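[1] give me a model of this one.
(chains A and B)
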Number of protein chains: 2
Amino acid sequence: MEVVSTNRSHGGVQGVYRHSSAETGTEMTFSVFVPDHAPGQKLPVLWYLSGLTCTHANVTEKGEYRAACAQHGVIFVAPDTSPRGEGVPDDEAYDFGQGAGFYVDAAQQPWAQHFRMRAYVEAELPAIVAARFPADMERQGITGHSMGGHGALTVALRNPGRFRSVSAFSPIVSPLNCPWGEKAMTGYIGEDRSAWREYDACALIEDGARLPALLVDQGSADGFLESQLKTQLLVETCEKAGQSATIRMQEGYDHSYYFISTFMPEHVDWHATHLKG
Amino acid sequence: MEVVSTNRSHGGVQGVYRHSSAETGTEMTFSVFVPDHAPGQKLPVLWYLSGLTCTHANVTEKGEYRAACAQHGVIFVAPDTSPRGEGVPDDEAYDFGQGAGFYVDAAQQPWAQHFRMRAYVEAELPAIVAARFPADMERQGITGHSMGGHGALTVALRNPGRFRSVSAFSPIVSPLNCPWGEKAMTGYIGEDRSAWREYDACALIEDGARLPALLVDQGSADGFLESQLKTQLLVETCEKAGQSATIRMQEGYDHSYYFISTFMPEHVDWHATHLKG
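    Below you'll find the predicted structure:
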């Protein structure tokens, strides 16, 4: 694991790291913020999965999570959104290929070899975080934005007991029911829509999976709300399934980091209450 | 004045605006954050002058000022660091020409026509802010980073009574005594070093100018501290002149926005206490 950079920030260390991923077959870059702590102390971990077109850098620079993470003693991990580089297939669209891994293990060609972001964020990167950082893997929470909100919800739903708290900012709640999802799932997974269900938060809940604690914030002025995000589908699915959830519409807020950074400290606070002790 | 973008953020509106500047003879872009407020209410203004290579965008995206500004009801204005564009002279170095206006009115060719950042930030932009935003120009503070810390200090020292509070992050405290300053002043102002004194915070204090309230934060791990910033010169100048000042060395912090964003909320709080009522 190569240290790309470390900067002292908000009473902790913001690092950026690079390693050779066995899952993606590429170099992968991720960021980790570690608050100051006593020698030998293990800290809870909050995962953040990013949205379309993003790398680790967007939330690391614009997310405004460090003050709250330092206050609560929470490690914050931000992976990339896909494999990248020469030799990795790509698509010229912003919503498919590099920067748009959708946190799936691709089954279709030419994607299957490198696009293994599910295995990467579910297994390979957690093992690295556990081994290399003062992380208490018994106390994990997960969040994310848009495509990464979809990632956070589906990773948590498929791994019961792993996360104590799950939140999302403007998540894609059902790839089965939106153009971004249909394009990505068709391309990465294939035409059989039943195979998409393990990558669809609403379908996973319908099929019986549950979350321990769920908080969602969605901006009412988000241009993707009606066409892609469809928050109401998650509201209805949770109600029908008896999944407790706090799903909030935030008046006037859009899809940008100006929205995310506004509510990030509240999400970190909320996760921290679930990750204590 | 053209509205480039507005985004709801932290209980206010983060805007980016563009206008034709009479001083620089170019289009100039700046950002303004306006917290929610009662109709007709005027809010105090905090100016932020940016460092070398920056535009308005760096602090707007990475500065983490909005939460504190919203809490205190303070407008935050971030100008660009120089004129830009085709027809504007430039230099291939990062520390001279476009992105490096040093908040001076250039006297040397080919810079004199467009590089009028002193007049721009002292007069033209304040008139626009006063006319177009709910700004109480009787309650202004100013801060900045590095070259912009130099800008904040010198603008305030030359305009007694205008600012109630002045702060800086890792400022260049004496262009007369560092390579960045010597290069910029020689290039923009000319060989006569006595003409540089109105652009040198230490010289202005030595020559009798005073600040109402001064707060400076400087990272101890800042790679430019010894060679360029020389905080100790400001400490000594203030002591000798009887200028009250709080100048703090922050252990382990560097020159980046990871440092600035850490102490930004404290600076906004400090300005707000001076700007109340």
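
[2] CA only for contacts and neighbour counts going forward, please
    Will do.

[3] just give me how far the host helix or strand of A:Cys202 sits from the chain centre.
    Under the criterion of DSSP states H and E, A:Cys202 resides in helix A:201-206. Per Cα atoms, centre = their mean, to the nearest Å, the displacement of helix A:201-206 from the mean C-alpha position of its chain is 17 Å.

[4] same for the next helix or strand after that helix, what does it pack against?
    Going down the chain from helix A:201-206, the next helix or strand is strand A:214-219, by DSSP H and E. For strand A:214-219, the elements it packs on are strand A:163-169, strand A:246-250, helix A:257-275, judged by 3 or more Cα pairs under 8 Å, 6 or more residues apart in numbering or on different chains; DSSP states H and E.

[5] tell me which of the ones you listed is the most buried.
    Highest mean neighbour count of the helices and strands packed on strand A:214-219: strand A:163-169, a mean of 27 (counted as mean count of other Cα atoms under 10 Å in any protein chain shown).

[6] anything in that strand near chain B?
    No - counting by Cα under 8 Å from any Cα of the partner chain, no contacts exist between strand A:163-169 and chain B, the nearest distance being 14.0 Å.

[7] what packs against that strand?
    Counting contacts by 3+ Cα pairs under 8 Å, 6+ apart, strand A:163-169 is packed against strand A:135-144, helix A:147-158, strand A:214-219, helix A:257-275.

[8] ok, which of the helices and strands packed on strand A:214-219 comes nearest B:Ile142?
    Distance to B:Ile142, taken as Cα to Cα, is lowest for helix A:257-275 among the helices and strands packed on strand A:214-219, at 23.4 Å.

[9] chain B contacts on chain A?
    By Cα under 8 Å from any Cα, the residues of chain A that approach chain B are A:7-11, A:61-62, A:64, A:67, A:252-254, A:258-259, A:261-263.

[10] now, which of those lie within helices?
    Under the assignment DSSP state H, the residues of chain A next to chain B contribute A:61-62, A:67, A:258-259, A:261-263 to helices.

[11] these two touch, right, A:Ser9 and B:Glu251?
    No - assessed by Cα atoms under 8 Å, A:Ser9 is found out of contact with B:Glu251, at 10.8 Å.

[12] if you count surrounding residues, which of those two has more?
    Using other Cα atoms under 10 Å in any protein chain shown, the more surrounded residue of A:Ser9 and B:Glu251 is A:Ser9, with 26 against 12.

[13] check contacts around the more buried one.
    A:66, B:253, B:258-259, B:261-262 (Cα atoms under 8 Å, 6 or more residues apart in numbering or on different chains).

[14] how near is it to B:Gly151?
    24 Å (Cα to Cα, to the nearest Å).

[15] could you do A:Val4 as well?
    32 Å.

[16] looking at these two now, which is surrounded by more residues?
    B:Gly151 (34 against 13).

[17] ok, the closest residue to the more buried one other than its chain neighbours - contacts?
    Counting by Cα to Cα, 6 or more residues apart in numbering or on different chains, the nearest residue to B:Gly151 once its immediate chain neighbours are dropped is B:Tyr103, at 5.6 Å. For B:Tyr103, the contact set (Cα under 8 Å, 6+ apart) comprises B:81-82, B:116-118, B:121, B:148, B:151.

[18] buried stuff in the helix or strand where A:Cys69 lies?
    Element membership for A:Cys69 (DSSP H and E) is helix A:66-72. In terms of neighbour count (16 or more other Cα atoms under 10 Å in any protein chain shown), helix A:66-72 has its buried residues at A:66-70, A:72.

[19] the residues you listed into TSV, with extra columns for distance to A:Pro35?
    Below are these laid out as TSV (distance: Cα to Cα, whole Å):
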residue	distance to A:Pro35
A:Arg66	8
A:Ala67	9
A:Ala68	10
A:Cys69	7
A:Ala70	5
A:His72	9
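
[20] quick check, nearest of those to chain B?
    Distance to chain B, by Cα to the nearest Cα, is smallest for A:Ala67 among the buried residues of helix A:66-72, at 7.5 Å.

[21] please report phi then psi for the closest residue to A:Ser261 other than its chain neighbours.
    The shortest distance from A:Ser261 to any non-neighbouring residue, by Cα to Cα, 6+ apart, is to A:Gly63 (4.9 Å). Taking degrees, to the nearest 10, you get phi -80, psi -20 for the backbone angles of A:Gly63.
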